[in-house]
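Q: From the sequence below, what's the structure:
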Amino acid sequence: MQGSATPETATNIPRRALGVALCFAPMAALLVSLVVGIAHPQASRFTGVGCMIAAGVIALLNVVTKGSVIPILGTVLLCIGVLVGFGATGTALIGLAVFVLDTGGSGWFLLSTWRDRGLWDAKR
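A: Numbering: from 1, shown residues only. Presented below is the predicted three-dimensional model:
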């Protein structure tokens, strides 16, 4: 019978791995910044906090509206803040909280689209 064959469940592992790496790169940078800040406490603790606060405001807007008001902008501000304030422990801690809260950010994008086979496993 023709209908007895099961459809192929191919998973595009390289595309998914690249997606995970790109979406969680800001979090990894924040964790490295925190470790550097703890290892070298003489550095400023709140350099680049302005970008983190702006990203936090966007994250709060996204949480309150239960959707993304301005998608990915919070992640862009977060990346600028971690670049400006690399090694600042306070900035890194604020950034980690913002990354988790920002429903329009890269981490939440990955989590909400992970089962979308059309996006992650599309044929070329």
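
Q: Going by C-alpha atoms from here, please, whenever you check contacts or count neighbours.
A: Fine.

Q: Val69 in helix, strand or coil?
A: Three-state assignment for Val69 (DSSP: H, G, I helix; E, B strand; the rest coil): coil.

Q: Next up, the contacts around it.
A: Residues in contact with Val69, defined by C-alpha atoms under 8 Å, 6 or more residues apart in numbering, are Ile58, Leu61, Asn62, Gly104.

Q: Confirm for me that Thr89 is in contact with Phe46.
A: Yes. With contact defined as C-alpha atoms under 8 Å, Thr89 counts as touching Phe46 (7.0 Å).

Q: between these two, who's got more neighbours?
A: Ranked by neighbour count (other C-alpha atoms under 10 Å), Thr89 and Phe46 place Thr89 first, with 26 against 18.

Q: what sits against the more buried one?
A: If you count contacts by C-alpha under 8 Å, 6+ apart, then Thr89 has Ser33, Leu34, Val35, Gly37, Ile38, Arg45, Phe46 around it.

Q: want to throw the residues you listed into TSV with pLDDT, secondary structure and distance to Thr11?
A: Output for the contacts of Thr89, formatted as TSV (pLDDT from 0 to 100; DSSP: H, G, I helix; E, B strand; the rest coil; distance: C-alpha to C-alpha, whole Å):
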residue	pLDDT	secondary structure	distance to Thr11
Ser33	94	helix	33
Leu34	94	helix	35
Val35	95	helix	35
Gly37	92	helix	39
Ile38	93	helix	40
Arg45	85	coil	43
Phe46	89	coil	42
